[in-house]
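Asks: show me how the following folds:
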Amino acid sequence: MMSFRVAKYIIFFMLLAFGALLFRVIPQLSFNNDYWLPNDNPYQRDLNTLEQEFQPGFGSVVVLSFPDAFFTNDNLAFFRQFKQQIESLDHVVKVNSPLDATVIMNADDTLRIETYNDALTNGHIASVDAYRSLFLKSPYHEKLLSNNEQWVALSVSIDKKNDGKDLHRRVSSVLEIKEILQSLPQYVNGFITGDAAIFYEMDTATQHNLVRLLPLAFGLLLLIAWIFLKQWRSVVIVIVPTLINLGLVPIFIVMLGHTITIVNITLFILALVITIADSIHILNYWERYVLNKSPHPIADTIRASWLPCFITSITTAVGFGSFVTSAIIPLNHYGIESFLVMLFAYVVVMTMVPFLLHLLPPHVRSKTDTLLFPTVVSKCAQLIANHYKKISILTIAFALVISQVLWFATTETSFISVFFNHEHPVQKQVALVDTHFTGSGRLDVLIKTNAPDTFKSIDAFNKLNSTINQSLSHPLLKSTVDMTMPVSMIHQSFNNNASPLPTTSDELEQELLFLEFSRGETKTDVLSAVVDFDYQNLRVEYITEQLNTQGIKDAIQFLNESFKSFDIGTVAITGGQFLSYVLGNYVMQSQFITIIITLSFVWLIFIGLYGLRLGSIGMIPNTIPLVLTLSLLPITNTPFDFATVLISSITLGLCVDDTIHWLHYYTLCKQHGDQNPAIKTTQAMFKPLFLTSIILGVGFGVLSIANLVILKTFGLFTALSICLAFFADVILLPAILRWRKFM
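Replies: Sure, this is the predicted structure:
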């Protein structure tokens, strides 16, 4: 009694410290889906170069729709005022619009390079009609103004300094722009889209789904526990360690300096269901020792359950921890977080459940209190006994046949497609941009050379122009923003109608010199977005519609082919859509590596615990649910993405947990000399395996009602894999053991 009294005080003070720590870290949680590749990744280095040299800050696009043509005095006055509101925001560093675009005019032998707004203000453009005539002939038409002249785009760059405060700058700027849009007059409609706004919506949706679905999952699991456990004491014993382990998730996320992403949001559900499952297994052992009149049921329960629970925790931790090998930051962070949470969760369960069993022992009056669906269990035993060979052969053959569809598996990592369904406002807004403007997607080609003034050479310039024209023959590549565009504009302003572009290096250098007059200290001129100050590095921005991963792949392959013979410098493709393509490759790579690591580790554990033969047979009911679940992805035309890549590890982790508990009880029965250990194991383990499967299925299945495509898909397929895992352990495993004469 003295030791228990001391234990009470120790646990009480530990819970106080835990609560204080949790209270402190909760306000520090943040939702951020910005970062996907580390800075030392070669593809990320190209993205960083693009951002630092040509495209600073977070990009976004504000779109306004007028009931009549944009080119009226009233509309221009309103738009000018609206633009000034956007420009005045603290973290907005640059805007571009039909008023901010550059116009080059040569009148009275005077060359002027200025914005349309300045030209109108200074009287260099005499009227709105003249402005309209000039703008519709410019390369900015369709990029910033729709063909019907009613839709107007305002490109906004938000400050980004990589100093830890970028999330605040992005979120606050998007919110301020949304507030401005809410105050628009009734005759003007508007919305914000682009990378900054899309990432904001991703973060907001992640937070909304966590806040909405986690309490729902917890409530449903509490109800299920009450229905099947039938006693409030049993429910308390299961729920208390669950709440503690749930609190471990935000603590580790904050302590590791991570944020909540669309990937690790599933860790909250994982901690919830795994803890309940382990607690039920321990409770099941305790009930049986009580019924057998054990003098020390808690001590016996700890001796019987610590090893299988430890092994299941280790295998689960390794299964998820294997994601540390992924090059994708959210998956890498998820691997670290899940590994730590699973190990600490084991300590919590093995401490709190025995403690609560001593403090609040449930009432166990008879064996019927421990049984669940005895008729069903009896029929399952008869089915296994009579048809074990058919069950084994047909199941394995079916899995082998259906697995062939995995050759047709695809990936989808376009943020628009992966996160948002077709009815989501983000999808509709992107579609509007694709419809009324050149396109919402971007692919960038960076050309890096070692010599200054490389692109002042007419040979390099002509080769660049020829390559760009060739690449634009691809139907997915709609237009470009590149060095040839401003050069063409100034060339035409010299009234040189003999050619659309300069023909000599002297001509090119002279025209570039005039363009340099527009360069300012902020590098917001007409050249800064396409070529650096030394004319050594260059950017070609390709405008596309919002493409899926396959479309991006096709466009990239064509660009690689187009620039294959471009021997002036090093060519690298980058940009926002290219990131989707790269992540798609890494998703499949992560899928393969994590499966190999997890399967190998689990197999070694099984061999160590049960010997080569039994351990190898025990792998079958773990791999078959994995194969069937993954095969259903291509069958249902569901691509692999950032969340479905987790399904394989979760399937393995959860299947292995149940298999270990089943085999552990099976070996105990054999050691005790039971005549039919498999039948006894099935009868004893049906209840805990059924309850844990229900709990796991409901816990992850709740995600299927999420309003994000990525979570919905993950929830559905994970719940299915859990269902398959239950039948594999309860029916397939004993059938194979009987077939291979293990019983």
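
Asks: and the helix-or-strand element of the chain with minimal mean pLDDT, what does it pack against?
Replies: The helix or strand of the chain with the poorest confidence is helix 644-671; it has a mean of 79 (mean pLDDT, DSSP states H and E). Contact analysis of helix 644-671 by 3 or more Cβ pairs under 8 Å, 6 or more residues apart in numbering; DSSP states H and E lists helix 266-291, helix 297-321, helix 576-635, helix 677-701, helix 709-727, helix 733-739 as its packing neighbours. The way it works is simple: take the backbone N, C-alpha and C, and place the C-beta from them, glycine included.

Asks: which one of the ones you listed lies closest to I393?
Replies: Closest approach to I393 among the helices and strands packed on helix 644-671 is made by helix 733-739 (8.0 Å; Cβ to Cβ).

Asks: quick check: the nearest residue to S440 once chain neighbours are set aside vs V156, distance?
Replies: Distances taken as Cβ to Cβ, 6 or more residues apart in numbering place V433 nearest to S440, at 4.0 Å, with adjacent residues excluded. Separation of V433 from V156 (Cβ to Cβ, to the nearest Å): 14 Å.

Asks: and for F252?
Replies: Relative to V156, and taking Cβ to Cβ, F252 is found at 36 Å.

Asks: so, low pLDDT: which residues of the stretch 151-300 of the chain?
Replies: By pLDDT under 70, the stretch 151-300 of the chain contains no weakly predicted segment.

Asks: quick one, strands of it?
Replies: With strands called from DSSP state E, counting those that start in this stretch, the stretch 151-300 of the chain shows them at 151-158, 189-193.

Asks: tell me which of the ones you listed lies nearest to N96.
Replies: Closest among the strands of the stretch 151-300 of the chain, using Cβ to Cβ: strand 151-158, at 4.2 Å.

Asks: packing partners for the closest one?
Replies: strand 58-65, helix 73-87, strand 92-96, helix 166-182, helix 425-436.

Asks: how about the secondary structure of F70?
Replies: Here F70 takes the coil state, with states given by DSSP: H, G, I helix; E, B strand; the rest coil.

Asks: my read: it touches R80, true?
Replies: No - F70 is beyond contact range of R80, at 11.7 Å (criterion: Cβ atoms under 8 Å).

Asks: out of those two, which sits in the more crowded spot?
Replies: F70 (23 against 14; other Cβ atoms under 10 Å).

Asks: could you dump the helices and strands packed on helix 644-671 into a markdown table with mean neighbour count and distance to Q550 added?
Replies: Below are these laid out as a markdown table (neighbours: other Cβ atoms under 10 Å; distance: least, Cβ to Cβ, whole Å):
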| stretch | mean neighbour count | distance to Q550 |
| --- | --- | --- |
| helix 266-291 | 24 | 26 |
| helix 297-321 | 21 | 29 |
| helix 576-635 | 20 | 9 |
| helix 677-701 | 23 | 28 |
| helix 709-727 | 23 | 17 |
| helix 733-739 | 23 | 40 |
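
Asks: which one of F252 and V156 has more residues nearby?
Replies: A direct count of neighbours by other Cβ under 10 Å for F252 and V156 places V156 higher, at 28 against 21.

Asks: and the more buried one, how close does it get to S473?
Replies: Distance, V156 to S473, by Cβ to Cβ: 32 Å.

Asks: if I look at the residue nearest to S440, what pLDDT would I see?
Replies: On the pLDDT scale, V433 is placed at 95.

Asks: try N495
Replies: 63.

Asks: what residue ranges in this protein score low on pLDDT?
Replies: 1-4, 108-109, 365-372, 495-497, 518-525, 673, 741-743.

Asks: correct me, but F339 touches F320?
Replies: Yes - under the criterion of Cβ under 8 Å, F339 makes contact with F320 at 6.4 Å.

Asks: please parse the protein into its domains.
Replies: 1-30+231-361, 42-199, 375-408+579-743, 423-574 (automatic domain parsing).

Asks: now render those as CSV, adding distance to L210.
Replies: Formatted as CSV, the domains of the chain follow (distance: least, Cβ to Cβ, whole Å):
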stretch, distance to L210
domain 1-30+231-361, 5
domain 42-199, 17
domain 375-408+579-743, 10
domain 423-574, 18
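
Asks: V211: which of those is closest?
Replies: Nearest to V211, of all the domains of the chain, is domain 1-30+231-361, at 10.5 Å by Cβ to Cβ.

Asks: mind checking how far the closest one is from the chain centre?
Replies: 26 Å (Cα atoms, centre = their mean, to the nearest Å).

Asks: how close does L15 sit to L22?
Replies: 10 Å.

Asks: which one of these two has more residues nearby?
Replies: Ranked by neighbour count (other Cβ under 10 Å), L15 and L22 place L22 first, with 16 against 13.

Asks: a helix runs through that one, doesn't it?
Replies: Yes - according to three-state DSSP, L22 belongs to a helix.

Asks: ok, it - contacts?
Replies: Contact analysis of L22 by Cβ atoms under 8 Å, 6 or more residues apart in numbering lists 247, 250-251.

Asks: which residues of the stretch 451-600 of the chain fall in strands?
Replies: Using DSSP E, counting those that start in this stretch, strands in the stretch 451-600 of the chain cover 479-481, 537-544, 570-574.

Asks: which ones are touching Q577?
Replies: Per Cβ under 8 Å, 6+ apart, neighbours of Q577: 414, 441-443, 544, 547, 552, 555.

Asks: dump the residue contacts of L331.
Replies: L331 neighbours (Cβ under 8 Å, 6+ apart): 263, 323, 590, 642, 645.

Asks: swap the cut-off to 7 Å and go again
Replies: Residues near L331 by Cβ atoms under 7 Å, 6 or more residues apart in numbering: 263, 323, 590.

Asks: how about the first one: what's its closest non-neighbour residue?
Replies: In space, V263 comes closest to P330 once its chain neighbours are excluded; the distance is 4.0 Å by Cβ to Cβ, 6+ apart.

Asks: which helix or which strand is home to the one you found?
Replies: Element membership for P330 (DSSP states H and E) is helix 329-359.

Asks: can you list the buried residues in that helix?
Replies: Residues 329-346, 348-357, 359 are the ones in helix 329-359 that count as buried (16 or more other Cβ atoms under 10 Å).

Asks: coming back round to it: could you dump the helices and strands packed on helix 644-671 into CSV and include distance to Q382?
Replies: As requested, these are exported to CSV (distance: least, Cβ to Cβ, whole Å):
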stretch, distance to Q382
helix 266-291, 23
helix 297-321, 27
helix 576-635, 20
helix 677-701, 10
helix 709-727, 16
helix 733-739, 12
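
Asks: still on that earlier bit, what's the angle between the helix holding P330 and helix 297-321?
Replies: Counting by axes from the mean of the first three to the mean of the last three Cα atoms, to 10 degrees, helix 329-359 lies at 180 degrees to helix 297-321.

Asks: and the next helix or strand past helix 329-359?
Replies: Taking DSSP H and E, what comes next after helix 329-359 is helix 374-402.

Asks: now do that next one: distance to the chain's middle.
Replies: That offset, for helix 374-402, works out to 38 Å (Cα atoms, centre = their mean).

Asks: if you count neighbours, what's buried in that helix?
Replies: Buried-residue list, helix 374-402, by 16+ other Cβ under 10 Å: 377, 380-381, 384, 388, 391-392, 395-396, 399.

Asks: swap in stretch 239-254?
Replies: Across stretch 239-254, burial judged by 16+ other Cβ under 10 Å covers 239-242, 244-254.

Asks: can you check stretch 113-124 too?
Replies: Buried residues in stretch 113-124, counting neighbours by 16+ other Cβ under 10 Å, are found at 113-120, 124.

Asks: now, among the contacts of Q577, which is nearest to V364?
Replies: Proximity of those to V364 (Cβ to Cβ) peaks at S414, which lies at 54.6 Å.

Asks: next, count neighbours for the closest one.
Replies: 25.

Asks: again, but for V25
Replies: As a burial measure, V25 scores 16 neighbours (other Cβ under 10 Å).
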